[in-house]
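[1] Have a look; sequence and predicted model below, questions after that.
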Amino acid sequence: MQAAPRFKRRVKLGLTLLFLAGCVIGWVGPSHSRPLPASTPPTVEDTLRFLEHSTWGAWGLDGGFFWRAHNAGFEQFLEEQFNAPMSSYPTLPLYPQTRPEDCTGTCQRDNYTMYLLQNRFFTNALYGEDQLRQRVAFALHQILVVSAAEIRLPSWMAPYLQILDRNAFGNYRQLLYEITLNPAMGNYLDMAGNTRTNPNENYAREILQLFSIGLYRLNPDGTPQLDEFGRQIPTFDQDIINAFSRVFTGWNRAAAPAPGVPNYINPMVPNQNQHDVGPKTLLRGVTLPPNQSAAKDLNDALDNIFMDPNVGPFIGKQLIQHLVTSNPSPDYVRRVTAAFDDNGQGVRGDLKAVVRAILLDPEALADRPTPPTPSSEGHLKHPVVFMLNLLRTFYPRSADGSGLSDGYLNPQATAMGMNVFSPPSVFSYFSPFTGVPGTNLRGPEFGVLNTSTALARANFVNTMVNSRIPVSANAPSGTSLDFSGFLWFAQSPELLADGLNTWMMAGRMSPAMRADVIAAVAAVPAGPDLEVRRIRAAAYLIATSAQYQVER
């Protein structure tokens, strides 16, 4: 008797997945967006779209982020964000690699899982002033990957996260240096303990393939360079990987603070006796001379990588994809590459200049057409962005509404396919090369969208909009939403639909969807708390829709 309802639910979920893909597939075609004229002040919707790219979401109707960006201007807002104090992560006490038998319960949870760091991530994102730094650092985490799948202790992971936060607006060359010598990275990609008699190529391969230049030579606009036969040109071969693997020999963790307690806080240190001192031919024929120290070889090799023309378009395009759109035009990539190559003062690799170029580009500031106007712009919100956008719209509070959320939200993100700080591979939570099903468009976030995770998204919305995350052993405060700031809009179905269209969707709601929301709100029966019940009904319909989940 239950087979038919289950079948209907599966069909509905399947249609939901197709519709999500359709939000990109159905809009493929020439872009009709137009950049804002420099002399035109931003509308409310313009500002909210800008905040979608530069924060984890605008904070409700009276959020300071919105008014600062709207009144001071986007450039001034970015300067404030560049100078905002870091939220970041605490340096946690190191624990033995093997868990002591008496470390159980809370001790095990806090010191041998990512629980504390994950909660800190979400509370930073919900309440931190350094919203842009957090967005950029999380994007860099998805490029320069270290995973708790292997780096199991939070005290091992925290210094890596601190590096990303500290360098989010710094220079990419310095970021590469600090990441290369980070013990968590050394463990994850096997540079720690790499010896001259048995060099390991893992880090050598991934710093080239994923962290800097990619597999094929690129033009400044991100399009592939082709040889005389029309074939893509590889950036490196096995000989170059072998040479870099020899560069990275002779490094290991610094002295342990206690027996059985490896040092994951201090950068790795060289052991010259284990360093290969032979000559090494690197990218584009550059050869390191023999008999150099491990430190000299390392810095020369990082310079060789950093100066490669591929770094700007390869890294710049990925940052665009994480912050703005999965399918930037070649002109957009070219402009960001130019900012990477020269920040205007002759400095290469200035991430502050790169982020500014990404967020203030005409394509990022374009007045987006209302669906279903054809467009290939935007991207599917990955689970963390999806969750935080919803929560920050409606004043996230503790379960009883008296305080702040404790940030215990990672179980919901995991159900949607994104276990924070535990990406399944060095290619991150999803590959940057994933496509939108049935198209030739890039759609990296679709890599974690399936029937199960689509249902988890709807369940999360239902929990937050119609209930709450209750207090529990792992959630000492819980999490709920506060709809009081939107009560004025709930006076009428039309006013509520338009208000939530602005504050949840930055004005992108289609006429058909608006009509559906109005009808659903009008159908809410009269009675106590009518306004709140109307808001819940509208917010649920909007947040579970494809038009909301595909950010454009």
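    Yes, it's here.
[2] What segments of the stretch 351-500 of the chain are strands?
    379-380 (DSSP state E, counting those that start in this stretch).
[3] now the chain
    With strands called from DSSP state E, the chain shows them at 251-252, 269-270, 280-281, 287-288, 379-380, 550-551.
[4] and those strands as a markdown table, adding distance to Ala399, mean neighbour count and mean pLDDT?
    Yep, even glycine has a C-beta here, placed from its N, CA and C like the rest. Converted to a markdown table, the strands of the chain look like this (distance: least, Cβ to Cβ, whole Å; neighbours: other Cβ atoms under 10 Å; pLDDT from 0 to 100):
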| stretch | distance to Ala399 | mean neighbour count | mean pLDDT |
| --- | --- | --- | --- |
| strand 251-252 | 46 | 22 | 98 |
| strand 269-270 | 47 | 16 | 98 |
| strand 280-281 | 58 | 18 | 98 |
| strand 287-288 | 59 | 15 | 98 |
| strand 379-380 | 29 | 25 | 92 |
| strand 550-551 | 28 | 26 | 90 |
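[5] so which of those strands gets nearest Leu226?
    strand 280-281 (24.6 Å; Cβ to Cβ).
[6] distance between the closest one and the chain's centre?
    Here the centre of strand 280-281 is set off from its chain's centre by 35 Å, with Cα atoms, centre = their mean, to the nearest Å.
[7] sorry, back to before: make TSV from the strands of the chain and add distance to Ala523 to it.
    Below are these laid out as TSV (distance: least, Cβ to Cβ, whole Å):
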stretch	distance to Ala523
strand 251-252	65
strand 269-270	67
strand 280-281	71
strand 287-288	72
strand 379-380	30
strand 550-551	26
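[8] Nearest to Val347 among those would be which one?
    For Val347, the closest of those is strand 287-288, at 24.7 Å, according to Cβ to Cβ.
[9] Walk me through which strands the closest one pairs with, and which way each runs.
    Neighbouring strands of strand 287-288 in its sheet, by DSSP bridges, are strand 280-281 (antiparallel).
[10] what's in contact with the partner strand?
    Applying Cβ atoms under 8 Å, 6 or more residues apart in numbering, the external contacts of strand 280-281 come out as Asp239, Ile240, Ala243, Phe244, Arg246, Val247, Thr287, Leu288, Asp297, Ala301.
[11] how near is Phe427 to Gln118?
    For Phe427, the distance to Gln118 (Cβ to Cβ, to the nearest Å) stands at 21 Å.
[12] Looking at the two, which is more packed in?
    Of the pair Phe427 and Gln118, Gln118 is the one with more neighbours under other Cβ atoms under 10 Å, namely 23 against 18.
[13] which residue sits closest to the more buried one, ignoring its sequence neighbours?
    Among residues not flanking Gln118 along the chain, Asn410 sits closest, at 4.1 Å (Cβ to Cβ, 6 or more residues apart in numbering).
[14] wait, doesn't the one you found sit right on Val420?
    Yes - between Asn410 and Val420 there is a contact at 5.3 Å, judged by Cβ atoms under 8 Å.
[15] Mind listing the shared neighbours of these two?
    Shared contacts of Asn410 and Val420, defined by Cβ under 8 Å, 6+ apart, are found at Met114, Gln118, Phe121, Phe122.
[16] Counting neighbours, show which residues of stretch 440-456 come out buried.
    For stretch 440-456, the neighbour count (16 or more other Cβ atoms under 10 Å) marks 441-449, 453-456 as buried.
[17] hang on, the earlier thing: among the contacts of strand 280-281, which pair sits farthest apart?
    Asp239 and Asp297 (16.7 Å).
[18] Mind checking which of these two has more residues around it?
    Using other Cβ under 10 Å as the criterion, Asp239 and Asp297 rank with Asp297 on top: 25 against 9.
[19] Next up, the contacts around Leu495.
    Leu495 touches Phe489, counting by Cβ under 8 Å, 6+ apart.
[20] and the gap between it and Val269?
    Remark: distance between Leu495 and Val269 (Cβ to Cβ) = 64 Å.
[21] so where do the helices sit in the stretch 201-350 of the chain?
    For the stretch 201-350 of the chain, the helices defined by DSSP state H, counting those that start in this stretch occupy 202-209, 238-247, 294-306, 311-323, 330-341.
[22] Fine by me, thanks again.
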